[in-house]
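A.B. asks: Return atomic coordinates for the entry below.
(one chain, ligands or ions: 1)
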Amino acid sequence: MSAQHPASPKLRAAGIVKRFGSVTALEGVDLEVGTNEFVSIVGASGCGKSTLLSLIAGLEEPTSGTLEVDGAPITGPGRDRGVVFQHATLMPWLTVQQNVEFALRGERGLSRADRADRAREFLGLVGLDGFERARPVELSGGMQQRVALARSLSYGPEILLMDEPFGALDALTRRTMQELLLEVWERHRITVLLVTHDIGEAVVTSDRVIVMSPRPGRVQQIVDVPIARPRTLASERTVEFQDLQDRILGLIHGAE
Ligand SMILES: Nc1ncnc2c1ncn2[C@@H]1O[C@H](COP(=O)(O)OP(=O)(O)OP(=O)(O)O)[C@@H](O)[C@H]1O
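C.D. replies: All right, here's what the predicted structure looks like:
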C-alpha cells in the first residue's frame, strides 16, 4: 500500500460497505484523494469500481461507512462533483449547445446569455467549436463524449468522476480523448477519479492507481505513478511505464 496520503483530502471514503441484497459489492473500502490529484480505479470485472463511483457521486448510499468531500458528508448528487459515464446520455432532441446550457439551468446568477456564453466556452475547450447547432445523432461517439465532458465541466465541479468514459470508443479516438482529458486537467486542475479497464490509460493519466480486488470489492493496493508530466506517447515507450503496467496487471490477475 502506498505510504503517501494527502494531508487534507478533497475526497475521503472510510470503511465503506455496500450491499445489494445478499451481494456485498464493497467491503471496508478506505480511500483518500487529494485536491487536484488524478486517481484511477482498476480491477477485475465486478470488483465494485462503478459502485464506488456511484456512491461518491451520491447516486447510491453506502450500507455503512463515511464519504466526505472537504470534510462534509456526501448526502446526494451535487454540483461539486461532475460525472461522465461510458455513454454520453445527451438529450437527442436538443442541440449540442442546448445540452450544455440545460446543465447550467440550476446555476444561480447566470442569465440566459451567460449560460449560452458558458456553454460555448466549454464546447470550445473540448474542440467542438462550430458544432453548437448540431444534434447528438449527427456526432461521432468521441464527439458525443466531448459534449458530455463539456457539460460536466461547465458548472465548475471540483471533482470529476468518470466511469469508463472512453470505453466505447475506438483506439485512436480514445487516445485523443485521453490527451484532451489531460489537457483539461492540467488547465483546470480539478480532482479526477477515473474508473477504467485500460491499464495503460490509468498509468498515462494518473498520479496514483487504485487496484481493487473482487468478491467482495476491496482496495487491494495503491500504486504511485512517478512518471514525469506532461506524459506523451514517448513516456509510454519507457521501461518505467511498461514495468508499472505489468505490475498492475499482475496485481489484478493475482487477485482474481
Ligand atoms: N444495482 C445493483 N443491484 C444488485 N447488484 C448490483 C447492483 N450494482 C452492482 N451490483 C453488484 O455489485 C458488484 C459490483 O458491481 P460493479 O458494477 O460496481 O463492478 P465493476 O467493478 O464496476 O464491474 P465492471 O468492471 O464489469 O463494470 C457486482 O457483483 C454486481 O453484480
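
A.B. asks: so V219 sits in a helix?
C.D. replies: No: the assignment for V219, made by DSSP: H, G, I helix; E, B strand; the rest coil, is strand rather than a helix.

A.B. asks: So it sits against I210, correct?
C.D. replies: Yes: V219 is within contact range of I210, at 5.8 Å (criterion: Cβ atoms under 8 Å). C-beta coordinates here come from the backbone N, C-alpha and C atoms, glycine included.

A.B. asks: which residues in the stretch 1-150 of the chain form strands?
C.D. replies: Applying DSSP state E, counting those that start in this stretch to the stretch 1-150 of the chain gives strands spanning 11-20, 23-33, 38-43, 64-69, 72-73, 81-84.

A.B. asks: hmm, back to that, quick check: neighbours shared by V219 and I210?
C.D. replies: L31 (Cβ atoms under 8 Å, 6 or more residues apart in numbering).

A.B. asks: hang on, the earlier thing: just the strands of the stretch 1-150 of the chain: most buried one?
C.D. replies: strand 38-43 (a mean of 25; mean count of other Cβ atoms under 10 Å).

A.B. asks: Pairing partners for that strand, with directions?
C.D. replies: Strand 38-43 has its sheet partners listed here by DSSP bridges as strand 191-195 (parallel), strand 208-213 (parallel).

A.B. asks: pLDDT averaged over it - what is it?
C.D. replies: What strand 38-43 shows for mean pLDDT is 98.

A.B. asks: what sits up against that strand?
C.D. replies: Residues contacting strand 38-43 (Cβ under 8 Å, 6+ apart): 33, 49, 52-53, 185, 191-197, 199, 201-202, 205-214, 217, 220, 248, 252, 255.

A.B. asks: Centre of the chain to that strand, how far?
C.D. replies: How far strand 38-43 lies from its chain's middle: 9 Å, per Cα atoms, centre = their mean, to the nearest Å.

A.B. asks: again with stretch 171-191
C.D. replies: For stretch 171-191, the distance to the chain centre is 11 Å (Cα atoms, centre = their mean).

A.B. asks: And stretch 168-177, by the same measure?
C.D. replies: Using Cα atoms, centre = their mean, the offset of stretch 168-177 from its chain centre is 16 Å.

A.B. asks: for stretch 26-41, same thing?
C.D. replies: 11 Å.

A.B. asks: Whether that stretch contacts the ligand - can you check?
C.D. replies: No: using Cβ under 6 Å from any ligand atom, stretch 26-41 never reaches the ligand; the gap is at least 7.6 Å.
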